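**Student:** The following block contains a protein sequence and its predicted model.
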Amino acid sequence: MEEYWKKRLPILCGALGGAMLAGVVPACAGLRLAGGEDCFFLIVALLALAALGLALVWRETRRADWVLAAILPIGAAMLVRALCLDYASGDYNTFLCHWYDYFKTNGGIEAIAGSVGDYNVPYLYFIAAISYLSVPDLYLYKLFSILWDVLLAWGCLRLVRSLTRERQGSAAPLIAFSAALLLPTVVLNGAYWGQCDAIYGALCVHAAALVLEGKNKRSVALMGVAFAFKLQAVFVLPLWGMLWLAKKVKFRELWVFPLAYLAMIAPAMALGKPLADIVGVYLKQMGEYPRLTLNAPSAYQFVPYHAQLDQELAARAGILAAGALVLALLGLGLWLGDRLDRGAAMAAAVVLCVGVPFLLPHMHERYFFLADVFTLCWACANVRRVPAAVLAGGASLASYCVYLRLQYNFTWTVGKNLYVMPLEALAMLAALAFALWALAGEIRRTKERTV
């Protein structure tokens, strides 16, 4: 019976997935902004992205049964995303559509030299490119994010394969690929919300997979590209510092990071954009929102709503706490040295992705995107790590709902104090505690192996 299902299940998954891919056609035909040509373009684009996903599974596994099985999650992922394309978020109406209009009316790529938006130039290249197309920009923004969703799923497959390389034939990498495509926060972030966190998220996950495989220069280069897209790549960046202190990465390999960053911003400089404007965009972002938390499930949710406190002092305390966490992990890398193995490195990566944004002030709900995908990969590689993925992913999803619904999920009144996101913050704190506990366990195991 088991052998029967091993043969039949991939075929069944392929058939169901094919039906879902067919459902992309009517889903696109019903989009309110899409004319006939636009509809055709979107159908072809989504099916092409599905084909890309299958090609990547084949590239990494060379197993026809896994490719057949992957049609189901890929088909479901593309159908769900097609149904999300019409939604225009507040961020799109307030920012993204106006940035597109700026490039459309100011010469496309030539407008890079001007001052627009608060994203770094790699994403502006994309906006400039789509300004030459006639397809509604709302859909183009989302298609670009969906492309990176597929690349993110590929990265998750590679990372889990790196973590489970001793388990030949394990389905964990394929499970990670499928789960990443269907992770609620991944779907909502790009296809629904129109955000682009999958870009730096995918690059960071691929970079982590490469460094665990010993391909250090390529790994550091991808981190440089990730940082060029989004400042939030710094949440996991200290992992490479740990690996350097542990002598797993050479100092000369770290120089690839600034070179990759410079390569990403060089076209904008060539077009006349001042270097100060490019470098200053991240400083602008850090000072843009004075609130201690922007719907993020962070430590600042334990401060009562409308409480009177010195916000500047509270922000400094959070920055110092995050810095102390990073320094502790760097010290751990120095102390472990050659004993820092893949298990400990992955646990440290999760601690960084969860802990740094949990402690820092001025965080948005989306800034736990790396926490979502790294805990997912961790859980796929080791079922005992599932609680971390459930806690972090659940807290993150609940925080998305607060923004997208413009309504708190649950508030808690203690005496005269109102707490607006206590459960989300408690869940993320629990995820951090679990990750620290797991890291301690990995350290104990490395010590036992050397005795």
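**Tutor:** Arrived safely, thanks for sending.

**Student:** What ranges does the chain have for its strands?
**Tutor:** Here the chain has its strands, by DSSP state E, at 293-294, 363-364, 412-414, 417-419.

**Student:** Could you name the helices and strands sitting against the last one?
**Tutor:** Just to be clear, that refers to strand 417-419. The contact analysis (3 or more CB pairs under 8 Å, 6 or more residues apart in numbering; DSSP states H and E) places strand 417-419 against strand 412-414. To be clear about C-beta, it is placed using only N, CA and C from the backbone, and glycine gets the same treatment.

**Student:** For the strand it packs on, give me every contacting residue.
**Tutor:** Strand 412-414 is contacted by residues Leu418, Tyr419, Pro422, Leu423 when judged by CB atoms under 8 Å, 6 or more residues apart in numbering.

**Student:** Out of those residues, which is nearest to Tyr139?
**Tutor:** Leu423 (35.1 Å; CB to CB).

**Student:** What average pLDDT does stretch 176-184 get?
**Tutor:** The average pLDDT for stretch 176-184 rounds to 98.

**Student:** what stretches of the protein score poorly on pLDDT?
**Tutor:** Under the criterion pLDDT under 70, the flagged ranges of the chain are 1-5, 287, 449-451.

**Student:** can you point me to the longest helix in it?
**Tutor:** As assigned by DSSP state H, the longest helix anywhere in the chain is helix 422-450.

**Student:** residues near Cys13, how many?
**Tutor:** Residues lying near Cys13 (other CB atoms under 10 Å) number 21.

**Student:** buried sites along the longest helix of the chain?
**Tutor:** For helix 422-450, the neighbour count (16 or more other CB atoms under 10 Å) marks 422-432, 434-436, 438-439, 442-443, 446 as buried.

**Student:** And that helix, what does it pack against?
**Tutor:** helix 311-336, helix 342-359, helix 369-381, helix 386-405.

**Student:** Let's have these in TSV, adding mean neighbour count and distance to Ser219.
**Tutor:** Formatted as TSV, these follow (neighbours: other CB atoms under 10 Å; distance: least, CB to CB, whole Å):
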stretch	mean neighbour count	distance to Ser219
helix 311-336	16	16
helix 342-359	25	12
helix 369-381	28	15
helix 386-405	22	23
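
**Student:** The nearest residue to Arg158 once chain neighbours are set aside: what's it in contact with?
**Tutor:** Among residues not flanking Arg158 along the chain, Ala209 sits closest, at 3.9 Å (CB to CB, 6 or more residues apart in numbering). Neighbour list for Ala209: Gly155, Arg158, Leu159, Arg161, Ser162 [criterion: CB under 8 Å, 6+ apart].

**Student:** What is the nearest of the contacts of strand 412-414 to Ala88?
**Tutor:** Nearest to Ala88 out of those is Leu423 (CB to CB; 29.3 Å).

**Student:** For that closest one, which residues are in contact?
**Tutor:** By CB under 8 Å, 6+ apart, the neighbours of Leu423 are Ala395, Ala398, Asn409, Phe410, Trp412.

**Student:** quick one on the thing from earlier: tell me what angle the longest helix of the chain forms with helix 311-336.
**Tutor:** 20 degrees (axes from the mean of the first three to the mean of the last three CA atoms, to 10 degrees).

**Student:** which outside residues touch stretch 214-232?
**Tutor:** Under CB under 8 Å, 6+ apart, the answer for stretch 214-232 is 120-123, 196-197, 199-200, 203-204, 206-208, 210-211, 233-234, 237, 240, 248-250, 253-254, 256-261, 263-265, 282, 285-286, 357, 367, 369-370.

**Student:** Would you map the helices across the stretch 151-300 of the chain?
**Tutor:** Along the stretch 151-300 of the chain, counting by DSSP state H, counting those that start in this stretch, helices occupy 172-182, 184-187, 197-212, 216-229, 238-245, 251-254, 256-270, 275-286.

**Student:** so which of those comes closest to Asn295?
**Tutor:** Evaluated over the helices of the stretch 151-300 of the chain, closeness to Asn295 peaks at helix 184-187, with 13.1 Å, by CB to CB.

**Student:** about what we covered before: deepest in the core, which of the helices of the stretch 151-300 of the chain is it.
**Tutor:** Per-stretch averages of neighbours, counted by mean count of other CB atoms under 10 Å, single out helix 197-212 among those, with a mean of 27.

**Student:** Just the CA atoms of that helix, as PDB, please.
**Tutor:** Provided in PDB are the C-alpha atoms of helix 197-212 (Å, rounded to 0.1, in the frame of the first residue of the first chain):
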ATOM      1  CA  ASP A 197      10.300  42.100   1.700                       C
ATOM      2  CA  ALA A 198      10.600  38.900  -0.200                       C
ATOM      3  CA  ILE A 199      13.500  40.400  -2.100                       C
ATOM      4  CA  TYR A 200      15.900  40.900   0.700                       C
ATOM      5  CA  GLY A 201      14.400  37.900   2.500                       C
ATOM      6  CA  ALA A 202      15.200  35.600  -0.500                       C
ATOM      7  CA  LEU A 203      18.700  37.000  -0.800                       C
ATOM      8  CA  CYS A 204      19.400  36.400   2.900                       C
ATOM      9  CA  VAL A 205      18.100  32.900   2.900                       C
ATOM     10  CA  HIS A 206      20.200  32.000  -0.200                       C
ATOM     11  CA  ALA A 207      23.200  33.700   1.500                       C
ATOM     12  CA  ALA A 208      22.700  31.500   4.600                       C
ATOM     13  CA  ALA A 209      22.400  28.400   2.500                       C
ATOM     14  CA  LEU A 210      25.600  29.300   0.700                       C
ATOM     15  CA  VAL A 211      27.700  30.000   3.800                       C
ATOM     16  CA  LEU A 212      26.600  26.700   5.300                       C
END
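
**Student:** Could you check how far the residue nearest the centre of the chain is from Gln232?
**Tutor:** The structure's the chain has its C-alpha centroid closest to Gly201; by CA atoms, centre = their mean the separation is 3.1 Å. Distance from Gly201 to Gln232, counting by CB to CB, to the nearest Å: 9 Å.

**Student:** intersection of neighbour lists for the two?
**Tutor:** By CB under 8 Å, 6+ apart, the residues touching both Gly201 and Gln232 are Phe369, Leu370.

**Student:** Trp99 against Val116, yeah?
**Tutor:** Yes. Using CB atoms under 8 Å, Trp99 makes contact with Val116 at a distance of 5.6 Å.

**Student:** who's more crowded, these two?
**Tutor:** Trp99 (22 against 19).
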